[in-house]
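Chemist: Build me a model:
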Amino acid sequence: MKITPEQLEIGSTQKRTRPEKREAFLRRITHVSLVGKDIESMDNLHFCKNLTVLYLYDNKITKISGLECCRTLSRLYLQDNLIEEISGLDVGLDQLSILHLHNNRIRHVSGLQGLPALEQVKLDRQRLDDGEALGFDLDSLSAIAPTLKQLTVAGNRIAELAPFEPLTQLETLDLSENQLDDVQSLSSLLSTFQRLQILNTSLNPLSGLPPAKLRQSLILACSSLETLNDKPIPDVERKFAENLQRVTQQRRKSSITTTTSGHPPSSKQSSAASALGCAALQAPNAMHEKPIPHLPPYATQYRDLLLSQLPAAAPPPQNRFRVGSAGNAATATAAERGT
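Modeler: Below is the predicted model:
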């Protein structure tokens with residue numbers, strides 16, 4: 001089924017006045033929604049020269065086309081179709097900022113050149129063959145790198161992170177449900193993303209670290225990160241992670257010093273490590289005055305570290321009042337018997 005002028009009019013959010021001709025009306029409409037209409041091809045869009053938002057998801061479209069006259073288009077929703085490749089977008093869509101193409105049949109991401117305003121792209125869950133992974137054209141991603149802020153590529157069996165290296169302006173990245181297994185490569189990539197605030201890496205076979213330490217590693221890798229796997233990162237969690245990292249580094253240095261010199265670390269070195277471990281409490285004597293603070297989620301590994309810094313508890317003082325009271329009572333009883 002093709003898109004007809006009648007459908008464009010019905011799908012518009014605006015209303016045509018009685019004396020107004022259909023062609024004149026279509027020239028001024030800005031929003032069209034043709035969702036779930038069994039549309040197979042993108043025809044007659046040249047009537048809508050002022051179109052800014054186009055909803056064509058949940059149809060049977062196999063190819064992106066017909067957008068040559070839609071120079072003001074800013075948002076294009078083509079998810080849940082049968083599109084196999086990204087094409088037909090290099091036609092002067094200088095204002096296109098949002099592009100949704102998830103749940104299609106795209107095997108290789110390309111054809112994104114010529115979109116100087118693109119900020120958000122959704123490519124998650126392409127219907128790929130068994131064992132096939134979504135591929136990326138490096139030139140295409142490099143072309144949109146200066147403006148791209150949000151990228152979703154979940155559920156595409158992605159195992160390599162190299163294609164994402166140019167995307168240093170990202171603020172949101174969803175890599176969940178893929179085949180990522182190299183923590184070091186992921187941490188290295190995140191260290192170059194100075195603006196990234198939201199990251200999702202859940203349901204990946206990232207191995208080598210338990211969940212708590214993996215979370216800590218990713219938090220330390222990206223200083224701007226605010227939310228990881230749908231869970232916010234409070235300041236106290238980041239501070240604990242940073243302090244633990246300092247303690248670990250200090251212990252490693254002490255171990256190297258001991259191995260090199262053949263002598264145990266000095267009392268000054270031990271004191272420094274202890275001070276680092278207690279830095280989160282903000283005062284040298286805070287251990288005696290305050291309880292261990294409530295730990296944020298995934299931070300129970302810090303509890304043992306902090307507890308290990310506690311000095312040995314002094315024996316409780318003898319309760320002289322009770323002893324004295326008992327002695328006085330015994331004396332009083334003896335005095336009564338004597339009388």
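Chemist: Wait, residue 153 touches residue 123, no?
Modeler: Yes. Assessed by C-beta atoms under 8 Å, residue 153 is found in contact with residue 123 at 5.2 Å. Yep, even glycine has a C-beta here, placed from its N, CA and C like the rest.
Chemist: so where do the strands sit in the stretch 151-300 of the chain?
Modeler: 172-174, 198-200, 227-228, 231-232 (DSSP state E, counting those that start in this stretch).
Chemist: Which one of those strands lies nearest to residue 136?
Modeler: Closest approach to residue 136 among the strands of the stretch 151-300 of the chain (C-beta to C-beta): strand 172-174, 13.6 Å.
Chemist: Same question for the biggest helix by length in the chain: list its buried residues.
Modeler: Determined from DSSP state H, the single longest helix within the chain is helix 235-261. By neighbour count with 16 or more other C-beta atoms under 10 Å, helix 235-261 contains the buried residues 237-238, 240-244, 246-247, 250, 254.
Chemist: So for the chain, the centremost residue is which one?
Modeler: Closest to where the C-alpha atoms of the chain average out (C-alpha atoms, centre = their mean) is residue 199, at 1.0 Å.
Chemist: shouldn't it be in contact with residue 231?
Modeler: No. The pair residue 199 / residue 231 is not scored as a contact, 10.7 Å apart, by C-beta under 8 Å.
Chemist: which regions of the stretch 151-300 of the chain sit below the pLDDT cut-off?
Modeler: Along the stretch 151-300 of the chain, the parts satisfying pLDDT under 70 run over 258-300.
Chemist: Where do the helices of it begin and end?
Modeler: Along the stretch 151-300 of the chain, counting by DSSP state H, counting those that start in this stretch, helices occupy 183-190, 211-221, 235-261, 267-277, 286-289, 300-308.
Chemist: okay, the strands of the stretch 151-300 of the chain in CSV with distance to residue 102 next?
Modeler: Below are the strands of the stretch 151-300 of the chain laid out as CSV (distance: least, C-beta to C-beta, whole Å):
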stretch, distance to residue 102
strand 172-174, 10
strand 198-200, 14
strand 227-228, 21
strand 231-232, 23
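Chemist: nearest to residue 184, of those?
Modeler: When the strands of the stretch 151-300 of the chain are ranked by proximity to residue 184 (C-beta to C-beta), strand 198-200 comes first, at 16.2 Å.
Chemist: Partner strands of that closest one and their direction?
Modeler: Each strand paired with strand 198-200, and its direction, by DSSP bridges: strand 172-174 (parallel), strand 227-228 (parallel).
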